[in-house]
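**Student:** Structure of the sequence below:
(2 chains)
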There are 2 protein chains.
Amino acid sequence: MGSRWKNNANCCASWTLSLCVLVSLSICLSRAEDSGMENIVTEKRAEESHRQDSADLLIFIMLLTLTILTIWLFKHRRFRFIHETGLAMIYGLLVGVVLRYGIRVPRDINNVTLSCHVNASPPTLLVNVSGKFYEYTLKGEISANEVHDVQDNEMLRKVTFDPEVFFNILLPPIIFHAGYSLKRRHFFRNMGSILAYAFLGTVISCFIIGLLMYGCVTLMKQIGQLGGDFFFTDCLLFGAIVSATDPVTVLAIFNDLQVDVDLYALLFGESVLNDAVAVVLSSSIVAYQPQGDNTHTFEAMAMVKSFGVFLGIFSGSFALGVATGVMTALVTKFTKLRDFQLLETALFFLMSWSTFLLAEACGFTGVVAVLFCGITQAHYTFNNLSPESQDRTKQLFELLNFLAENFIFSYMGLALFTFQNHIFNPIFIIGAFLAIFLGRAANIYPLSFLLNLGRRNKISPNFQHMMMFAGLRGAMTFALSIRDTATYARQMMFTTTLLVVFFTVWVCGGGTTQMLSCQHIRVGVDSDQDSSIGPDGIERRSTKHESAWLFRIWYNFDHNYLKPILTHSGPPLTAVMPACCGPLARCLTSPQAYENECQLKDDDSDLILNDGDISLTYGDITVSTDASGAHTSSWPVATATTADELDRELASGDHELVIRGTRLVLPMDDSEPPLPGDGQRWRSGALS
Amino acid sequence: MGSRWKNNANCCASWTLSLCVLVSLSICLSRAEDSGMENIVTEKRAEESHRQDSADLLIFIMLLTLTILTIWLFKHRRFRFIHETGLAMIYGLLVGVVLRYGIRVPRDINNVTLSCHVNASPPTLLVNVSGKFYEYTLKGEISANEVHDVQDNEMLRKVTFDPEVFFNILLPPIIFHAGYSLKRRHFFRNMGSILAYAFLGTVISCFIIGLLMYGCVTLMKQIGQLGGDFFFTDCLLFGAIVSATDPVTVLAIFNDLQVDVDLYALLFGESVLNDAVAVVLSSSIVAYQPQGDNTHTFEAMAMVKSFGVFLGIFSGSFALGVATGVMTALVTKFTKLRDFQLLETALFFLMSWSTFLLAEACGFTGVVAVLFCGITQAHYTFNNLSPESQDRTKQLFELLNFLAENFIFSYMGLALFTFQNHIFNPIFIIGAFLAIFLGRAANIYPLSFLLNLGRRNKISPNFQHMMMFAGLRGAMTFALSIRDTATYARQMMFTTTLLVVFFTVWVCGGGTTQMLSCQHIRVGVDSDQDSSIGPDGIERRSTKHESAWLFRIWYNFDHNYLKPILTHSGPPLTAVMPACCGPLARCLTSPQAYENECQLKDDDSDLILNDGDISLTYGDITVSTDASGAHTSSWPVATATTADELDRELASGDHELVIRGTRLVLPMDDSEPPLPGDGQRWRSGALS
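**Tutor:** Prediction:
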């Protein structure tokens, strides 16, 4: 996927091949007299270049360090109006200004650039310097008007990273972390709505923005404000790029304030999935290639092909991500790797990374595969890991996510000044802001209306306003827009996107607490409690009816078959599978499933048992559980969890919301065993 | 430092500059008829290249995954004869064989390489393809006989990484981890001996090997076995490269078997420091450049200059590493960052990384700086971190170290078959093995003899034999030798180095347990006990006399001034500093120092208190300690430590060695407060 774009830029300009076999040395080289001197010069130059690279990277590390210290100060003083990403951008901006206007690097006569005329641009170029061959690799295209700037702006160009760095190094940990930390219980409960927002909503938003921008661009052309080509496909691409929401700022505040878990799940789930949709959507739009010369007309065949590309890439990436996740789960289940935490963590990390590489090697989209891999790992593999590895992997990806995210945001700030080809067009910018607002509105409100027709637990208007407001744009939008900045249209899009990100992160991100109180959205909800208590304080025991059929079917299948196959938890497979599969079932069921199903914590269980003992007869299964069993088990994390819960209870302002005593939520009628508990007995016949 | 070498290769061959302004297209390109087609071809090619890169990286990830699974199996079955690094090499070898002989990639006519004649090799090349400019970056030189292989061996060349990857990405975490996990108490106690082995020993070994190899090379030249130039500087460089020991395999077994802590400290300390010495030594040898044309004669001036380079780079890197470590310690001391573990861990990681970049940007050696930064971080910053961050940082660097190390070792296996320019010369190889053996012997035995003259706690002959045997070569040796493989001499050195690494890791690494039992070295020693009990079972209370003056001076200074300034532990500065520095001392002393010095665990304290209460009058300070106070403190890690200790006691075979009861080791006469304990009181006047 990756590098295709870079070169695709060429499509937009037509160039003829020439057979020119002449090299013109555009810049006169000062030549050393003897080879020894020449060698030393080359050596010095390479060393200088390496030093420069280190210094450039150092700038970013320093920026991040500064951001961390400042954000600590803000957190320490309980300032909530700015998030670390917003702050990283501000510092990036400041450093960008300094680099742009403050530093003048003297032109080094030895560091000149040769220019040779050849007739193609292969990825590898061999240069024959009087019998010695040097290998060069293609870095990218430079626009003609930039060529003379190359030397002058060496400094600025140096701090400009290869856009593919974002896609291949920085985004994967962010996206994986998002998948890995998805609050799964609430995510699966709201799965239908989340999928609707993420798929339908993103497509709607993309086309609305695309159409509006096309109108805007046509207008600009008429009043002579457009300095280059801007096709309908460009508009659609812009729509796809800015449809990827990233409410990292909002969600951080939601976390701090413990906002309603369903709202959190909706927003987070949507933002995680719509990144995937936006990536695939934008590459399908790029893949839209009508036959013939006129590459920007509408053609049904090409349209269908693009749609096919969308489906193919999305499902392929999805399948790969899930497949690696499942493989990791199986490996961790059937080996006793948990005795060696370092090996376990390393394996987990490597397998997750290999998803990305595998997807890229197969021509799918790595970040999408990584997302679904993360979700699968969290849902299955996580349960097989030793408690230490659970902590380790969580903390590792949390750290990687933190670093990558802040790196991207500080780079964004920097790019506003150091990027050489900004095109600020006020009409386009105003049009874009308007289109994005309308696109978001056309996503949230109509879909919410439709979803509310089917949902028992309605998405209330204040939730809808909050979701509308939380349509921030972030890392993914930036990475998509910087991927290709070769043409006029793309440069204008990049500039506008940067401004959109800045605005939404600072204004919408900064105003989250105000918006929350303005919309009267309750805060201080214990996320381990579920939302079955309405704002009116009355417990609703109706989760089983609320859950959509999609969720119920999925939950049944997952709990009865997938969980037992892939993890140590769940009912023994011998109990749920038909008799004919007996040997297979015995082979796949882990010994723990028979012995101590209850020992294993199932984070995403829908059954929550609180203080006190429960003994209930359910169907013809007699289950007697002891909620404290979960804590008396040999798990070292158990105490930590309790402490956390206590913390949360103490921190939450609304103590009425925390229920003390027994509460049991039953999502469906059959085969739902309460998971945490000691004295549980299974009668296999009872399970269908 | 880094890139200098690559180009330095050119020194050894003389080439004349030409003014040729002609580009000859050495390979005929199949040219597409229209630009659209051409674009698609370029695009496909770039995409293909990206896919190939992903697939190549995937090979390594798969290799590592396989290694992890196999090593788990071995650990599970308690096979100790092979370490994960040795196994990684074997798998690398297998994949190398497959890549070399098994896969024939069809030559892609579109993936051809242009060759153009120009008269220099600048780091950046602009290629003008009919008006469009493409930017190419210098990858490196290709030897003339390789040019025609470029297409054929595209696959093999692709899996060959840029050697600088090892120095800039893989080695830093390994070296940092080594510094960060140095067993500091025993390290500082044996500091004198370790420094002697690392500095003197490495230099001795380097010159002995260099001289022996020069003899060998001279012999080869006389009998016509030498196919190219091999100068004395090359021999010395070889000596420096193979003088970097890396007994990772041995130390892993030492850890498992809990071998004598002093032997462990000597070996580990030596191997950590001699990496740094070898790096700097080899770059000094490369920097040896006599004036005039004859670049390989002896010249006193150039020799002195090289020595100056050695001192300059070493001390500069040392200073930088320590400076960043100290800065991190101060930042973590004076901010309350410990309330936010993610920020704390991220800051720690970034500051440690910035050491490397800073050193490289200043022209020093990054890995050396990172080593001393790691030691400083462990000694000071670690005490300021929150317990969670202590775990997190340890685990993070442990993981990074594990991944990087196994990656390097599996790459080594692969390189034996995929590297294109191996020169296997039996005489040179035999000579090298002999020289390395003699070089190691000339390092260990004479120095041990000299050190034993001054040491009360002698290094016994069986320890010396073990150290001799544990002279494994590993990651650093490999990274140094692959850094430059342009000339005949360097290629032969690279091949030989690979074989040395293979042999030592498999044979010496695999025979460690045999060697241990053969040398009657006691195992099962509790590393928290110190070695003040001789093998005869009689307790020696003489640590105070044993400690070298160097250690005592350092310990005093460190404990009375550095620790209080940089961490929360130690005596209040107001007590140890002269009265005139009162305000400064008050400002630098952390509030904790006054209140609860005892709460803070001081890992590297030389004072060990065991079960039972001690009350002793020391000087005019009345100190009454309660050893169990360390455990009753509020530290969450305390219980884990106790469990660990218990574990170790149970695991150790020699129960007689574990003393129950009171034991107190006093390393010096004045101002040594027992650190763990509750009822400690300070009278400031008592401390000088």
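
**Student:** anything in stretch A:319-332 sitting right up against chain B?
**Tutor:** Yes: shown here: stretch A:319-332 in contact with chain B (Cβ under 8 Å from any Cβ of the partner chain) through A:Val331. Just so you know, the C-beta spots here come from the backbone N, C-alpha and C atoms, and that holds for glycine as well.

**Student:** Buried ones in that stretch, by neighbour count?
**Tutor:** A:320-332 (16 or more other Cβ atoms under 10 Å in any protein chain shown).

**Student:** ok, those residues vs chain B, which is closest?
**Tutor:** Distance to chain B across the buried residues of stretch A:319-332 (Cβ to the nearest Cβ) is lowest for A:Val331, with 7.2 Å.

**Student:** For that closest one, which residues are in contact?
**Tutor:** Neighbouring residues of A:Val331 by Cβ atoms under 8 Å, 6 or more residues apart in numbering or on different chains: A:337, A:347, A:351, B:69.

**Student:** Let's have the buried residues of stretch A:319-332 in a markdown table, adding distance to B:Ser49, pLDDT and secondary structure.
**Tutor:** What follows is the buried residues of stretch A:319-332, written out as a markdown table (distance: Cβ to Cβ, whole Å; pLDDT from 0 to 100; DSSP: H, G, I helix; E, B strand; the rest coil):
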| residue | distance to B:Ser49 | pLDDT | secondary structure |
| --- | --- | --- | --- |
| A:Leu320 | 21 | 95 | helix |
| A:Gly321 | 24 | 95 | helix |
| A:Val322 | 28 | 94 | helix |
| A:Ala323 | 25 | 94 | helix |
| A:Thr324 | 24 | 94 | helix |
| A:Gly325 | 28 | 94 | helix |
| A:Val326 | 30 | 93 | helix |
| A:Met327 | 28 | 93 | helix |
| A:Thr328 | 29 | 93 | helix |
| A:Ala329 | 33 | 92 | helix |
| A:Leu330 | 33 | 91 | helix |
| A:Val331 | 31 | 91 | helix |
| A:Thr332 | 34 | 90 | helix |
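
**Student:** circling back: buried members of the contacts of A:Val331 into ChimeraX, please.
**Tutor:** To isolate the buried members of the contacts of A:Val331 in ChimeraX, using 16+ other Cβ under 10 Å:
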select /A:337,347,351
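
**Student:** can I get the contacts of A:Val331 in JSON lines with secondary structure and distance to A:Leu93?
**Tutor:** Below are the contacts of A:Val331 laid out as JSON lines (DSSP: H, G, I helix; E, B strand; the rest coil; distance: Cβ to Cβ, whole Å):
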{"residue": "A:Leu337", "secondary structure": "helix", "distance to A:Leu93": "46"}
{"residue": "A:Leu347", "secondary structure": "helix", "distance to A:Leu93": "41"}
{"residue": "A:Met351", "secondary structure": "helix", "distance to A:Leu93": "39"}
{"residue": "B:Leu69", "secondary structure": "helix", "distance to A:Leu93": "48"}
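
**Student:** Would you tell me which one of the contacts of A:Val331 comes nearest to B:Met220?
**Tutor:** B:Met220 lies nearest to B:Leu69 out of those, by Cβ to Cβ, at 44.1 Å.

**Student:** and the closest one, how far is that from A:Ile169?
**Tutor:** 26 Å (Cβ to Cβ, to the nearest Å).

**Student:** what's the answer for A:Thr495, then?
**Tutor:** From A:Thr495 to A:Ile169 the distance is 24 Å (Cβ to Cβ).

**Student:** quick one: which of those two has more around it?
**Tutor:** Set A:Thr495 next to A:Ile169 and count neighbours by other Cβ atoms under 10 Å in any protein chain shown: A:Thr495 wins out with 23 against 13.
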